[in-house]
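Student: Curious how this folds, go ahead:
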Amino acid sequence: MRQRFRKVPSVLTLSVLCVLAGQCSSGQPSMKFVMDTSQFWFRPQISREEADALLRDQEPGAFVIRDSTSYRGAFGLAMKVHEVPPNSPPTSRTGEGATELVRHYLIESSAKGVRLKGAAEEPFFGSLSALVFQHAITPFALPCKLRIPSPACNFLYLNSVNTETLTGPCAVEKAVSMSLEKETLPSPTIVNLKVSPKGVTLTDVQRKLFFRRHYPAHLLSHCGEDPKSRT
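Tutor: Reported below is the predicted structural model:
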């Protein structure tokens, strides 16, 4: 696996060496979480073909919402499904990124709100976030529930290294070298890493080394890989 680290200057410059260890966390979302992650699933400027390519290799339930290019004021929902729904017409799109398992739905907008077009069982929702939230809990007319993308991931935390006044790739190189040159290599622990506009938060899943550490965004100065590509 490729080594990564997060460097946070405080009183001492701190480098946090991590190794990517798992899939993004998942679970039933809250409305706030849906709204906070809208930058990941609301991609108004992308084309239908770009949505196909983006979702082609994703898990079922992955989705994006974009502006419709055919219906003014409407939106297009593209989602990856487990299998082609019965009686669904074949996609007319061809070329790189095209796949029968990425289905497209029209979200109409009116004074009543937004809803999937052509589905009588679909209610109106006050916003796109509300529509996404409810369809992440129950599929309604969709083939499966929507899967909310999460900016939180699990990593293996190794240790913290004082890089003094170094920053950038030099700090990364020193942090990796000092960690690998220890007589006894650091014992890794799984941490959950969450990135938000406010900064980076590490939570020790098993509470071996710490409970939770938050690094404010204004203190984060660099993120990078080991220049020597050591593993």
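Student: farthest residue from the center of the chain?
Tutor: The outermost residue of the chain relative to its centre, with distances by CA atoms, centre = their mean, is residue 183 at 36.7 Å.
Student: name the element that residue belongs to?
Tutor: Using DSSP states H and E, residue 183 sits in no helix or strand.
Student: From residue 196, how far off is residue 180?
Tutor: Using CB to CB, to the nearest Å, one obtains 31 Å as the distance from residue 180 to residue 196. All C-beta spots, glycine's among them, are computed from the backbone N, C-alpha and C.
Student: These two: who's more crowded?
Tutor: It is residue 180, of residue 180 and residue 196, that has more neighbours when counted by other CB atoms under 10 Å, with 15 against 12.
Student: quick one: the nearest residue to that one once chain neighbours are set aside and residue 167, what's the gap?
Tutor: The shortest distance from residue 180 to any residue that is not its chain neighbour, by CB to CB, 6 or more residues apart in numbering, is 6.7 Å, and that residue is residue 230. As judged by CB to CB, residue 230 and residue 167 stand 20 Å apart.
Student: What count of nearby residues applies to the residue nearest to residue 180?
Tutor: Neighbourhood size, residue 230 [other CB under 10 Å]: 13.
Student: okay but it is in contact with residue 176, surely?
Tutor: Yes: counting by CB atoms under 8 Å, residue 176 is a contact partner of residue 230 at 5.8 Å.
Student: Identify the bridge partners of residue 189.
Tutor: residue 157 (DSSP bridges).
Student: Next up, phi/psi of residue 49, please.
Tutor: The phi and psi torsions at residue 49 (degrees, to the nearest 10) take the values phi -60, psi -40.
Student: So for it, what's the pLDDT?
Tutor: We note a pLDDT of 92 for residue 49 in this prediction.
Student: quick one: the helices in this structure?
Tutor: All helices of the chain, identified by DSSP state H, fall at 31-36, 38-41, 48-55, 128-137, 168-180.
Student: what about stretch 133-148, distance to the chain center?
Tutor: Taking the mean C-alpha point of stretch 133-148 and that of its whole chain, the gap between them comes to 18 Å (CA atoms, centre = their mean, to the nearest Å).
Student: can you tell which of the helices of the chain is closest to residue 74?
Tutor: The closest approach between residue 74 and any of those, judged by CB to CB, belongs to helix 128-137 at 11.3 Å.
Student: Go through that closest one and flag the buried ones.
Tutor: When neighbours are counted by 16 or more other CB atoms under 10 Å, the buried residues of helix 128-137 are found to be 128, 129, 130, 131, 132, 133, 134, 135, 136.
Student: just stretch 35-52 next, same as before
Tutor: Buried residues in stretch 35-52, counted by 16+ other CB under 10 Å: 36, 37, 41, 43, 46, 48, 51, 52.
Student: Just give me the closest of those to residue 70.
Tutor: Among the buried residues of stretch 35-52, and counting by CB to CB, the member closest to residue 70 is residue 48, at 9.4 Å.
Student: Go ahead and confirm that closest one touches residue 68.
Tutor: No: the criterion here is CB under 8 Å, and residue 48 misses it with residue 68 at 9.4 Å.
Student: Need the residues touching each of these two.
Tutor: residue 76 (CB atoms under 8 Å, 6 or more residues apart in numbering).
Student: Now that residue 172 has come up, it's in contact with residue 229, right?
Tutor: No: taking CB under 8 Å as the definition, residue 172 is not a contact partner of residue 229, at 11.1 Å.
Student: between these two, which one's more packed in?
Tutor: residue 172 (26 against 9).
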